[in-house]
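*Asks:* Turn this into a structure:
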Amino acid sequence: MAKPIMIQGTMSNVGKSLIAAGLCRIFKQDGYKVAPFKSQNMALNSYITKENLEMGRAQVVQAKACSIEPMVCMNPILLKPTTDMGSQVIVNGEVMGNMRAMDYFKKKREYIPIIKNAYEKLASQYDIVVIEGAGSPAEINLKADDIVNMGMAKIADAPVLLVGDIDKGGVFAQLIGTVMLLEKQEQDRIQGLIINKFRGDKRILDPGLAMITEKCGKEIFGVVPYMDVDIEEEDSLAESLEQKTVRGRIDVAVIRLPKISNFTDFQALGAEADVSVRYVERTVELQRPDLICIPGTKNTISDLKWFRASGLEAAVKRLAGEGTPVIGICGGYQILGTQIVDACGMEGGGQIQGMGLLPIVTHYEPEKMRRQNAGAVSQLTGLFKSLSGKTVSGYELHMGRTFSVVDEEKNGAVSSAATALLQLADGLDGCCDGNVFGTYLHGLFDEEEFRTALIQILCSRKGITREVLDGFSMETYQEQQFDKLADTLRRNLDMDAVYRIMGL
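*Replies:* Residues are numbered from 1 along each chain as shown. Sure, this is the predicted structure:
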């Protein structure tokens, strides 16, 4: 069986996922077969595996750091918030339905065998399993039947490294308080502490580090600096969502919907030297971007109502009418249409008028579409003509089907005013009409050929000549970022101590 190591945090967004990904890469570099694991993840960013099963993207990123294929056993339970009080519950990649928080807490014990089976499957195939916790182990109101922090550490018999975030302040209270609120056997599982996101001269911290060890008896395994690495984020607290300023010659404005999902779709665009991706929540922030993107959402109807009430819908329609390119992905694609019909009550029932920028109608259905897909762009005309024939790949993850307003009964049909955007292995997808297009395909911009051609369109429209005509490989870029992350952790963590507590 594999040797486990578990990363827990003093609260959400302290950098657990990043530390875990960095350790995954270090162990891989050191010659071990390593896999990531998180028993229960709560996130709106998800991924579809080759088996067409759904899992959280954090473990997908960590699997990439290990240079292995993502498997749903790496994240057996995924919670996707639908309201402030409830979530869609996904177990072993399959939707179990929507549950209120209290109902889910009552069922947690039933999921323990599922979690154990998933973990043991990984542990039997790998040398090391890097386990990530969620939130804080000291959330005493949630400790009963815990399956994601100390409860998971007990299942795996894993040593724990506790991470605190100094950037937000109060890291000494975070670390000492968390340890003190745990029971004795839980405290004993914590083998070391990590201070993350430090800026400045580490020597200033030394008196505080000594006091932490004195107060709670735990060794400091390292002080990790604020890291300048571009690794996918999945949390609603992700720093990329706070980006408001234009830093590149090409300005891409992404509408930050309240239930925004899979915003990692835009990482590849933002990684281009000429491109700046920023997230917009108010009309005054929109300005006059070179491209407007409407992303996926876990609740399309409620987010469309917010979009309309905020005034952003009217502002986007005005800019689209003036020729600004607009792209919608998944829920954003549905929003661009003329109407969304929820006859089966998936989002409360009824129907709502869309933006009317694409001649399509979406009908919700109880079954979620989940599949990987690939193909090429259709033969387009007008602004996006040069995208024609460019290869694309990614995955679909949506409720409902979308039809032409001319023929709602024929899946994939398009009106005479528009063209199907993509020709995929499983049929036509999306719609393109003038300077607006939408698609269900996540990961569209990861494809170098497509992304480069799109940026060239935006540059030409703006009268800009790109110094570098070719894009870059997103896969190569991600590998470089993983290596950069691992190098930073090696310099700032006591890896000998990490291996020691693992018995390696």
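
*Asks:* next one: phi and psi at Arg256?
*Replies:* phi -90, psi 90 (degrees, to the nearest 10).

*Asks:* Model confidence for it, exactly?
*Replies:* On the pLDDT scale, Arg256 is placed at 96.

*Asks:* quick one, what contacts it?
*Replies:* Shown in contact with Arg256 (C-beta atoms under 8 Å, 6 or more residues apart in numbering): Leu241, Tyr279, Val280, Glu281. The C-beta positions use only the backbone N, C-alpha and C, and glycine is treated the same way.

*Asks:* sec struct for His346, please.
*Replies:* Check again: residue 346 is Met, not His. At Met346, secondary structure determined by DSSP: H, G, I helix; E, B strand; the rest coil is coil.

*Asks:* Quick check: it touching Glu367?
*Replies:* No - counting by C-beta atoms under 8 Å, Met346 stays clear of Glu367, with 10.1 Å between them.

*Asks:* Those two: which has the busier surroundings?
*Replies:* Met346 (18 against 10; other C-beta atoms under 10 Å).

*Asks:* where's the more buried one relative to Ala314, distance?
*Replies:* 27 Å (C-beta to C-beta, to the nearest Å).

*Asks:* Against which helices or strands is the longest helix anywhere in the chain packed?
*Replies:* When the chain is parsed with DSSP state H, its longest helix is helix 474-492. With contacts defined as 3 or more C-beta pairs under 8 Å, 6 or more residues apart in numbering; DSSP states H and E, the packing partners of helix 474-492 are helix 16-29, helix 57-65, strand 220-225, helix 267-271.

*Asks:* Going by residue numbers, what spans are strands in the stretch 251-400 of the chain?
*Replies:* Ranges of strands in the stretch 251-400 of the chain, per DSSP state E, counting those that start in this stretch, are 260-261, 275-280, 291-294, 296-297, 326-329, 339-342, 350-353, 360-377, 391-404.

*Asks:* Test for you: state the pLDDT assigned to Met85.
*Replies:* On pLDDT, Met85 comes in at 79.

*Asks:* ignore the last one, Tyr499
*Replies:* 98.

*Asks:* just Val468 next, same as before
*Replies:* Per-residue confidence (pLDDT) for Val468: 59.

*Asks:* CSV for the helices and strands packed on helix 474-492, including distance to Gly375, mean pLDDT and mean neighbour count?
*Replies:* Output for the helices and strands packed on helix 474-492, formatted as CSV (distance: least, C-beta to C-beta, whole Å; pLDDT from 0 to 100; neighbours: other C-beta atoms under 10 Å):
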stretch, distance to Gly375, mean pLDDT, mean neighbour count
helix 16-29, 30, 97, 26
helix 57-65, 22, 96, 26
strand 220-225, 42, 96, 20
helix 267-271, 18, 92, 20
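
*Asks:* export these to TSV and tack on distance to Ile501?
*Replies:* Formatted as TSV, these follow (distance: least, C-beta to C-beta, whole Å):
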stretch	distance to Ile501
helix 16-29	12
helix 57-65	20
strand 220-225	9
helix 267-271	33
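
*Asks:* so which of these comes closest to Asp84?
*Replies:* helix 57-65 (22.2 Å; C-beta to C-beta).

*Asks:* If I take the closest one and helix 474-492, what angle do their directions form?
*Replies:* Calculated by axes from the mean of the first three to the mean of the last three C-alpha atoms, to 10 degrees, helix 57-65 forms an angle of 90 degrees with helix 474-492.

*Asks:* ok, and what's touching helix 57-65?
*Replies:* Applying C-beta under 8 Å, 6+ apart, the contact partners of helix 57-65 are 17, 20-22, 24-25, 28, 35-38, 41, 43, 45-47, 69-71, 74-75, 130, 132, 231-232, 234, 262, 264, 478, 482, 485.

*Asks:* any chance you could read off phi and psi for the residue located most distally from the centre of the chain?
*Replies:* In the chain, the greatest distance from the average C-alpha position (C-alpha atoms, centre = their mean) is reached by Glu214, at 38.3 Å. Main-chain torsions, Glu214, degrees, to the nearest 10: phi -70, psi -40.

*Asks:* and the gap between it and Arg189?
*Replies:* Glu214 sits at a distance of 20 Å from Arg189 (criterion: C-beta to C-beta).

*Asks:* quick one on the thing from earlier: closest to Leu142 out of the strands of the stretch 251-400 of the chain?
*Replies:* With C-beta to C-beta, the closest approach to Leu142 among the strands of the stretch 251-400 of the chain belongs to strand 260-261: 24.0 Å.

*Asks:* ok now the lowest-mean-pLDDT helix or strand in the chain, how far from the chain's centre?
*Replies:* Least confident helix or strand of the chain, by mean pLDDT, DSSP states H and E, is helix 101-107 with a mean of 86. Remark: helix 101-107 is offset 24 Å from the chain centroid, using C-alpha atoms, centre = their mean, to the nearest Å.

*Asks:* what's the answer for stretch 367-379, then?
*Replies:* 19 Å.

*Asks:* for stretch 379-390, same thing?
*Replies:* Counting by C-alpha atoms, centre = their mean, stretch 379-390 comes out at 29 Å from the chain centroid.

*Asks:* could I have that stretch exported to PDB, CA atoms only?
*Replies:* Extracted in PDB, the C-alpha atoms of stretch 379-390 (Å, rounded to 0.1, in the frame of the first residue of the first chain):
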ATOM      1  CA  GLN A 379     -16.700  26.800 -42.200                       C
ATOM      2  CA  LEU A 380     -17.500  30.300 -40.900                       C
ATOM      3  CA  THR A 381     -18.000  33.600 -42.500                       C
ATOM      4  CA  GLY A 382     -17.500  37.200 -41.300                       C
ATOM      5  CA  LEU A 383     -15.400  38.100 -38.300                       C
ATOM      6  CA  PHE A 384     -14.500  34.600 -37.300                       C
ATOM      7  CA  LYS A 385     -13.900  33.300 -40.800                       C
ATOM      8  CA  SER A 386     -10.200  32.500 -40.000                       C
ATOM      9  CA  LEU A 387     -11.200  30.100 -37.300                       C
ATOM     10  CA  SER A 388     -12.600  27.800 -39.900                       C
ATOM     11  CA  GLY A 389     -11.100  24.300 -39.800                       C
ATOM     12  CA  LYS A 390      -9.100  24.900 -36.600                       C
END
